[in-house]
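# Quick check, what structure comes out for this input:
(chains A, B and C)
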Amino acid sequence: MAHHNQSPSEMVKKLGWLHKVLAEESDTTEKEMTDFVKQQEIISGRDPEISEEEYFINMGPQHPSTHGVLRLMVSLKGEIVQNIKPHVGYVHRGIEKMTEKMTYKQIIHLTDRLDYLSSTINNHAVCLAVENGLEVEIPERVKYVRTIIDELIRIASHQLWWGVMGMDLGALTAYFYGFRDREKVIDVLEKNTGARLLHSYYTPGGLMRDIHADFQKDIKEYIKYQRNLMNEYDDLLSNNVIFRERTEGLGIMTREEAIAYGVTGPSGRASNFACDVRKQHPYAAYDKADFKQILYTGGDSFHRYKARLDEIKESMNIIEQLVDNIPEGSYTAKMKAVLKLPEGTYFQRVEAARGELGVYVISKGDKVPYRMKFRSPNLSNLGALDKLTRNYKIADLVAIMSSLDLVIPDIDR
Amino acid sequence: MNKEQLIEQLNARIQNIEITEAKQILEISTAPNHLFNIVNTLKTDAAFSFDYLFNLMGVDVDDKLGVYYYFESTAHNHQLLVKCFGISRDKAALPSLVSLYPGVELLEREVFEFYGINFEGHPDLRNLFLPDDWNGFPMRKDYYDPINIVER
Amino acid sequence: MNEKYIPRYDMTGVIQSIHEYFLSVMPAGLAYVTELVLIGILFLLFYAVVGLILVLAERKVAAFFQLRLGPYRVGPWGVFQTIADFIKLLLKEILEIKAADKFLFNLAPFIVIIASFMAIAAIPFGYSLHAIDFDMGLFYVLAVTSVGVLGVLLAGWSSNNKYSLIGAMRSGAQIVSYELSIGLSLMTIVVMIGSLQLSTIVQSQADGWWIFKGHIPAVIAFVIFLIASTAETNRGPFDLAEAESELTAGFHTEYSGIKFAFFFLAEYMNMFIAASIAATVFLGGWMPLHIGNLEWFNNIMDYIPAFVWYIGKTAFVIWILMWFKWTFPRLRIDQLLTLEWKYLLPINLINLVLAAFIVLMGWHF
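Residues are numbered from 1 along each chain as shown, chains lettered A, B, ... in the order given. Okay, here's the model as predicted:
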């Protein structure tokens, strides 16, 4: 049976769990056949239950502005979006299932592939969860370096998003500017970790290797370069009349909605939801740095945009405070060759570039986790998309989706 | 609100729960038939006001299906883990929390497809990641798929 | 105008002698037919060359704005890139859409390209370098270019694709609206000239271009014309009919190979025509830059051939249009219509009244 399905709730139930439960007991009944025909009619936009003007469009899985293989089934009346049903799972790799057969050190490499734009932050979450369970004290040096690299990755991620947001709104030039500057961060990281995208630089207990001799110098050079460019970002997009018209007052999310939908990260903070894990539940060296939690009350696309741009600046502040004070010492704590977490439930929440990432481990005392769950910020943010885009036009749907900054592999896991 | 106060309040205001104090987070266990009322109290009672559900995960521990709900209160800044076990494996069902936390819609669908737990009252319960015709519930510990899973 | 300005390098003699040669070797009717065919071939060549150059120019300009090099491999500085692209498009499979309305689906690209081809006939490239010099040439160009939208609508409708249909409907609404602005902004200048004939319009600018002579109304009209013609040619920030990030490719989603190339080429030719009209009406067409009675300056300017003036001005306007495209984000359809009906149209009407008042008082030069 086809994967897509839009219909009144009974029919969905029929095709959903009941279908599964009844699968062994009955063959295809006549009712199921009529349902199938009906479903096909709905897909082709000719359902008698749906009013004349309403029709469906499949945005994705191959669509320029879904940034990956997200598929949105958009119900439209003219150009007005009636509702959206997200269909995900096109890059589902069963990472949670795979972790049940892998040691903790191996899992680090899988987590890079979740939200590939905040790869080291994902590594960090797993490392912290494991270190929590083992109750090891990790060196201060490691904490500092991890914090700095996480913030660099956050900057790189936001730069890519900034460019892509411009592209989604039709300003292709912004895309290249964003990538130009992201390249500089990536270069700094490449020199240090050897990788450009999927770093796998952290390991439970510390880092894979010590930092490069030029690490601090490169970072200071980069920050000097980037500070001058923040005005350029404002000139090109933030202060552009058309850009403002396309984002201001659109896709408004109240604080209550943000909390109820679990929309975190800059998207949540634009709605005044103080959800910055770095501030609320400090980890690594974030308590050593003095930084603001970016909060806006607007809750529209523009404020989500603004929150991210401000976060780039705030990240640079954090890095500047820490980069000169990296303590001397070992780059890793003394760890056993085989890590066995004592029996129990552990979790660690960290602030990824798109929101709160959580790692939840149930251990039975083996070298592999009994169950590992990743709380994906993007999945929760996607959940709010339908609510945010109702009664807006297709063009606004693209803008609002872009302002939520979804990364699909993180949703699918 | 610190842990001791929270335990006190929980004992005073909510029945049918079992409180355990874990290292990271306070845990309470409950049965499926009490779940909805308890969560409703946790959310609406001003003493708790657990308005942010930051994680929902299905588990299959010791042959028991269960769902873990992680709550946080944005007002009081305290956290709570609600464990719900005692779900039958054949006719697994739990009340849906969509009416309280609209954001769990997708998360419950994920648990539904991986663990086969039917969330009653969910507006649109179908597979999230897997195809509609997928047989079995892959995250259950008794799931066996000789074709797609290679054991090492 | 009192007397005709004749540029230093006059092509009239050459054209006349060719005409006389044909008349001497064949009967009059046949001579005209031969000339028509010759001019047709010339225009086809011109069309192809302009298309190739514009596509390359667009890519280079885009690259300039986006800190890139642009095409660089095919030929020196990538000048043969478009030819390679064209060969690729020619060799590509032309997809048959099963559910499409085949006749209209195949017809649409031709309507679009013929509309732009017809418009080019009336453009004056130089003194007497005209295919046809209509009495109401400007009106003819406007009428013919707006036929192109029919092709876009047909393409969107016949593709049987919802993205295409949305794109086509947007395009329809957009072009119907902006047609008004184009017409009215040109009308502002026409009021001052008192003629729709393109050759007369150029001649009227012998003592200065209208953008300088026409006071503030001309400048306003020029800006409005630039905005409206960007919308008319479906280019960014008004490229809603294609809107890559929203509608994948809009009305030409289902087209491939050479049929897609037709749409692609027509877009650039429409831009060329819009720029030509802007250059002809506001910037003097092939007319050299003259400042009143400053004889020595005017004489120096006269040494530059008319055709070079024309191409230079057109290129300048095209560059501005490209600048728009690579700087601004895209508008939304309702914002686009608001801009036209609530801002451009009222400004235009007031501007027209102002221009008429200036003409009435005889304040224009």
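
# Can you pull the residues of the stretch 151-300 of chain C lying near chain A?
With CB under 8 Å from any CB of the partner chain as the criterion, the stretch 151-300 of chain C meets chain A at residues C:162-163, C:166, C:170, C:236-237, C:239-240, C:243-248. Bear in mind the C-beta positions are built from the backbone N, C-alpha and C, glycine included.

# Tell me the one of those nearest chain B?
Of all these, chain B sits closest to C:K162, with 23.2 Å by CB to the nearest CB.

# Can you tell me the closest non-neighbouring residue to the closest one?
The spatial neighbour of C:K162 that comes closest, neighbours along the chain excluded (CB to CB, 6 or more residues apart in numbering or on different chains), is A:I57 at 5.2 Å.

# now the helix or strand hosting that neighbour: mean pLDDT?
Element membership for A:I57, per DSSP states H and E: strand A:54-59. Across strand A:54-59, pLDDT averages out at 82.

# Show me what secondary structure element comes after it.
Sequence order places strand A:71-77 as the next helix or strand after strand A:54-59, per DSSP H and E.

# For that next one, enumerate the helices and strands it packs against.
strand A:54-59, strand A:80-87, helix A:394-404 (3 or more CB pairs under 8 Å, 6 or more residues apart in numbering or on different chains; DSSP states H and E).

# from those, which stretch is densest packed?
Neighbour counts (mean count of other CB atoms under 10 Å in any protein chain shown) averaged over each of the helices and strands packed on strand A:71-77 peak at helix A:394-404, with a mean of 26.

# Mind checking what helix or strand follows it in sequence?
Per DSSP H and E, helix A:394-404 leads on to helix A:408-412 as the next helix or strand towards the C-terminus.

# Give me the residues contacting that next one.
Contact with helix A:408-412 is made by A:66-70, A:88-93, A:113-116, A:354, A:376-379, A:382, B:129, as judged by CB atoms under 8 Å, 6 or more residues apart in numbering or on different chains.

# Give me the PyMOL select line for the residues you listed, limited to the buried ones.
Buried residues within these, by 16 or more other CB atoms under 10 Å in any protein chain shown, are selected in PyMOL with:
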select buried, (chain A and resi 66+67+68+69+70+88+89+90+91+113+114+115+354+376+377+378+379+382) or (chain B and resi 129)
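
# Near chain C, list only the ones from the contacts of helix A:408-412.
Okay, of the contacts of helix A:408-412, nothing touches chain C (CB under 8 Å from any CB).

# Sort out for me which of the contacts of helix A:408-412 are in helices.
In helices, defined here by DSSP state H, the members of these are A:377-379, A:382.

# Quick check: the farthest pair among those?
A:P377 and A:L382 (9.7 Å; CB to CB).

# Need the phi and psi values for B:D60.
Phi and psi for B:D60, reported as degrees, to the nearest 10, are phi -140, psi 80.

# I'd guessed it sits against A:Y370; true?
No. Using CB atoms under 8 Å, B:D60 is not in contact with A:Y370; the gap is 9.1 Å.

# got a list of what A:I57 touches?
A:73-74, A:76, A:394, C:162-163.

# can you rerun that using 10 Å?
By CB atoms under 10 Å, 6 or more residues apart in numbering or on different chains, the contact list for A:I57 reads A:45, A:63, A:72-76, A:81, A:394, C:161-163, C:166, C:247.

# What is the neighbour count of C:S204?
Neighbouring residues of C:S204 were enumerated by other CB atoms under 10 Å in any protein chain shown; the total is 23.

# nearest spatial neighbour of it, skipping sequence neighbours?
Nearest residue to C:S204 in three dimensions, chain neighbours excluded: C:I193, at 4.9 Å (CB to CB, 6+ apart).

# who touches that neighbour in this structure?
By CB under 10 Å, 6+ apart, the residues touching C:I193 are C:1, C:138, C:200-205, C:210, C:214, C:281, C:359, C:364.

# From C:A306, how far out is it?
Using CB to CB, to the nearest Å, C:I193 is found at 19 Å from C:A306.

# Also C:G78?
31 Å.

# Comparing these two, which shows the higher neighbour count?
Neighbour comparison, C:G78 and C:A306: the larger count goes to C:A306, with 26 against 18 (by other CB under 10 Å).
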